[in-house]
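> Structure of the sequence below:
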Amino acid sequence: MKAWSCSLSKLVQQWFLLARKDQRNAEFNWTHQNKNDCKELVAFLSQQCAEKSIKGLMQYHKIKIDKTHDLAKLSFELLKIYPELDSLLNQCASLSPYAVIIRYPDALDIDLKTENTDVALKIATEVYKMMCSKVPFGSGFDA
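Predicted coordinates:
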C-alpha cells in the first residue's frame, strides 16, 4: 500500500485504493473486451467503484458506514456536508441494482443494454474523481 498522506487513516486510503482498482478494472474490460460479454461485470465494477468511493469519503469524515449497497442511502449523510453533490449522487443511485442482482442467475433475464453500462462506468468514474477531490491526498496518490 502506498502511503498517500500521513494524516489520512489507513482505512480511508484502503477504500480509495479499492475504488481505484474497481474503476481501472471496469475501464480495462470495457475497452479491451467484447462489450456484450463483459457488460454485467463492468456494471458491477462501476457500482463497486462508486460505493467504495462514497464509503472512503464517509470514512474520512468519520460518518458511520452502514452495510448496504444502496448508494442513495450511503450518500444521504454526505449530502449534508456537500449539498453541491446532489445531482451527481442522485445519478449514482441508479447504479445500486448492479451490486447484487447482476451477479446471479436472474441477471440472465435482465436485458442490460451496452449504453446503460457505458453510462454506469462514466457515472462511477465521475463519482470516484469527485470523492477523491474532497480528500487531501498527498503527492503519492495517483487518481
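> drop to CA atoms for contacts and neighbour counts, all remaining ones
Will do.
> Quick check: buried residues in stretch 45-65?
For stretch 45-65, burial by neighbour count (16 or more other C-alpha atoms under 10 Å) applies to 45-60.
> Also stretch 112-119?
Within stretch 112-119, the residues scored as buried using 16+ other C-alpha under 10 Å are 112, 114, 117-118.
> ok, back up a step: which two in the buried residues of stretch 45-65 are spaced the farthest apart?
Comparing every pair within the buried residues of stretch 45-65 by C-alpha to C-alpha identifies Leu45 and Tyr60 as the most remote, at 22.2 Å.
> wait, which of the buried residues of stretch 45-65 is closest to Arg20?
Nearest to Arg20 among the buried residues of stretch 45-65, with distances taken as C-alpha to C-alpha, is Cys49, at 6.8 Å.
> tell me what the host helix or strand of Ser46 is packed against?
Secondary structure from DSSP states H and E places Ser46 in helix 35-60. Where contact means 3 or more C-alpha pairs under 8 Å, 6 or more residues apart in numbering; DSSP states H and E, helix 35-60 is packed against helix 10-32, helix 71-81, helix 114-133.
> Dump the buried residues of stretch 112-119 to CSV, plus distance to Gln13 and pLDDT.
Shown next, in CSV, are the buried residues of stretch 112-119 (distance: C-alpha to C-alpha, whole Å; pLDDT from 0 to 100):
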residue, distance to Gln13, pLDDT
Leu112, 32, 80
Thr114, 32, 87
Thr117, 27, 94
Asp118, 27, 96
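> Switch those residues over to TSV; also include distance to Ser94.
Below are the buried residues of stretch 112-119 laid out as TSV (distance: C-alpha to C-alpha, whole Å):
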residue	distance to Ser94
Leu112	13
Thr114	15
Thr117	11
Asp118	13
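> Nearest to Leu71, out of those residues: which one, please.
Using C-alpha to C-alpha, the buried residues of stretch 112-119 come closest to Leu71 at Thr117, 16.8 Å.
> No further questions, thank you.
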